[in-house]
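In: Starting from these lines, generate the structure:
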Amino acid sequence: MMLASKIKNILCLLLLFSVTTAAYAEPFRDGVVAYQQKNYKQALETWLPLAESGHVLAQTLVGSMYAYGEGVERNDEAAFKWLARAAEAGSSQAQYNLAILYENGFGTPTDKSNALKWFKAAAAQGRKEALTRYNALVNETTVPDTSSRVETKLKPAQQRVHMILNRDDTELLGPPSIKVYGQQWVNQQPQDNYTIQLAASIEPRLISAFKKHIQLDSEYADTLSTHNGREWHAVIYGSYPTVKEAKQAISQFPDNWKTWRPWIKKFSRVKHIKE
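Out: Residues are numbered from 1 along each chain as shown. Coordinates of the predicted model:
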């Protein structure tokens, strides 16, 4: 009886987690669309409740927007607050940008020790710029401490948002350039535009391996369709106003992109987007 009760509780928690995750996904995408349309105020209003609820990527983006005065008056203290929360939660981008704030005294007193701490944390997650800044800051000390130089093997960055660095000729943090893929990207394309089907197979693992091989990270979607009673998995890439432009794009693809003979199709024919 006790075991059945525990299983029930676990299932309830899993259901709650899945519902919560789904609840986060849609408003976050709405914020992405608003940001890309330069409607910064709406993006901030959409992301702020998510950030307050603990959404780490939203916290990172909100911190950046406060730092840049996008959709709100610039506020370095608010930027520091949100970036600190996201950094503590493990966001490598927030860690890097928090280190910049500490190094330059934006929104907090200058603190080289904390700057080094967060540069090092971001570098350990694969941020090459963080590794560079860490070593530069170590060398700026009166008595360089070469023993603390970071030589960590960099891991691939885990998040899809990249911060552009440069504000008023000071290495700080910049607005996020969000790479878009999946249903969200497809929704933004005119139905009369053309896309390119890079590969299709009844074996989803082959499509996954192909995507990994060519390293797609934006402007693509996984699709699912049925033909002769069988499910076909495919990946589409790019958006082009005309067939001519799509053909020109294919001619410039690397050879490993052409392995499956790319096929041009209209977005109006794209079906069953998989996230």
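In: Nearest residue to residue 44 in space, ignoring adjacent ones along the chain?
Out: Nearest residue to residue 44 in three dimensions, chain neighbours excluded: residue 71, at 3.9 Å (C-beta to C-beta, 6 or more residues apart in numbering). Bear in mind the C-beta positions are built from the backbone N, C-alpha and C, glycine included.
In: Figure out the helix or strand that that neighbour lives in.
Out: In this structure, residue 71 is located outside every helix and strand according to DSSP states H and E.
In: quick one, phi psi at residue 71?
Out: phi 80, psi 0 (degrees, to the nearest 10).
In: How about the contacts made by it?
Out: By C-beta atoms under 8 Å, 6 or more residues apart in numbering, residue 71 lies in contact with 39-45, 65.
In: before we move on, what about residue 231?
Out: Counting by C-beta under 8 Å, 6+ apart, residue 231 has contacts 202, 224-225.
In: Now with 6 Å, please.
Out: Neighbouring residues of residue 231 by C-beta atoms under 6 Å, 6 or more residues apart in numbering: there are none.
In: do the one 10 residues further on as well
Out: Residue 241 makes contacts with residue 193, as judged by C-beta under 6 Å, 6+ apart.
In: Quick check: phi and psi at it.
Out: When read as degrees, to the nearest 10, the backbone of residue 241 gives phi -60, psi -30.
In: going forward can the numbers begin at 533, since that is how I track them
Out: OK, 533 is where the count begins now, so the last one is residue 773.
In: and the gap between it and residue 636?
Out: 44 Å (C-beta to C-beta, to the nearest Å).
In: Check residue 750 too.
Out: Residue 750 is 31 Å from residue 636, by C-beta to C-beta.
In: of the two, who's got more company?
Out: The neighbour comparison of residue 750 against residue 636 (other C-beta atoms under 10 Å) goes to residue 636, with 15 against 12.
In: Could I get the pLDDT score of that one?
Out: Looking at residue 636, its pLDDT stands at 84.
In: what's it sitting at in phi/psi?
Out: Residue torsions, per degrees, to the nearest 10, at residue 636 are phi -100, psi -10.
In: ok, now how distant is it from residue 647?
Out: Applying C-beta to C-beta to residue 636 and residue 647 gives a distance of 9 Å.
In: Residue 763 now?
Out: Taking C-beta to C-beta, one finds residue 763 at 52 Å from residue 647.
In: among the contacts of residue 603, which are in strands?
Out: The members of the contacts of residue 603 all map outside strands under DSSP state E.
In: tell me which of those is nearest to residue 799?
Out: Among the contacts of residue 603, residue 571 lies closest to residue 799 (C-beta to C-beta), at 23.2 Å.
In: burial of the closest one, as a residue count?
Out: 15.
In: Look up how far residue 629 lies from it.
Out: Relative to residue 629, and taking C-beta to C-beta, residue 571 is found at 23 Å.
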